[in-house]
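J.: The following comprises the amino acid sequence and a computationally predicted model.
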Amino acid sequence: MARDTAVRKGPEPSGQELVLTRVIDAPQEAVFKAWTDQRQMARWFGPKGFTLPFCEIDLRVGGVVHYCMRSPEGRDYWGKSVYREIVEPERLVLTDVFSDEKGNTVQPVDYGMSADWPVETTVTVTFDDLDGKTGLTVRQSVSESLAESSGARQGWAETLDKLAEYLSKS
């Protein structure tokens, strides 16, 4: 199962970004593939109770990830990310926005986020090989306090728990 850990590469968190880490009991290549294959991502991405009824991934720099997370109550949350850097199987850097079903950027407040939530954030995911396991670090360019108050920290934590559970059954 996933757990918070001290595995990190790069600078220590400053409070100016959200940082979550896990050790996933799966090889680096498998964890990277789960993040970059739309069929796999549809099986785990999103907070607890959420599903991913729509997911398209164009895995190339400049390519788009367009997805829809559906809440347990049936509300759809569309998002769009653009790959800025891909270093297989070690690192992904994406810009992330809330969107509509056509991929147009929408204001975060339209999805109930704080007015302080930035229209665009950068998400960096690193995959560190740990002798058959993977040290996973997710960084998002939003302050720790805003991530906590908005529920983003909890959402990411639940998402990473679902990833670990998915890979444990694969």
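T.: Cool, the structure landed.
J.: Can you spell out which helices and strands pack onto the helix ranked longest in the chain?
T.: The residue-count maximum for a helix in the chain (DSSP state H) belongs to helix 152-169. Applying 3 or more Cβ pairs under 8 Å, 6 or more residues apart in numbering; DSSP states H and E, one finds that helix 152-169 makes contact with strand 18-24, helix 28-36, strand 133-140, helix 144-150. The C-beta positions use only the backbone N, C-alpha and C, and glycine is treated the same way.
J.: Burial check on residue 170, number of neighbours?
T.: 12 (other Cβ atoms under 10 Å).
J.: now stretch 28-43: how far from the chain's centre is it?
T.: Centroid separation for stretch 28-43 versus its chain: 11 Å, with Cα atoms, centre = their mean, to the nearest Å.
J.: And the contacts of that stretch?
T.: Where contact means Cβ atoms under 8 Å, 6 or more residues apart in numbering, the residues beyond stretch 28-43 that reach it are 24, 26, 44, 52-53, 55-57, 59, 67, 88-90, 92, 125, 127-129, 134, 136, 163, 166-167, 170.
J.: just the buried members of those?
T.: Among the contacts of stretch 28-43, those scoring as buried are 24, 26, 44, 52, 55, 57, 67, 89, 92, 125, 127-128, 134, 136, 163, 166-167 (criterion: 16 or more other Cβ atoms under 10 Å).
J.: Could you give the number of residues near residue 77?
T.: 18.
J.: Then it would be within a strand, right?
T.: Yes - counting by DSSP: H, G, I helix; E, B strand; the rest coil, residue 77 is part of a strand.
J.: In contact with residue 110: list those residues for me.
T.: residue 98.
J.: okay, it: pLDDT?
T.: At residue 110, the pLDDT value in this model is 96.
J.: and the gap between residue 97 and residue 131?
T.: Between residue 97 and residue 131 the computed distance is 37 Å (Cβ to Cβ, to the nearest Å).
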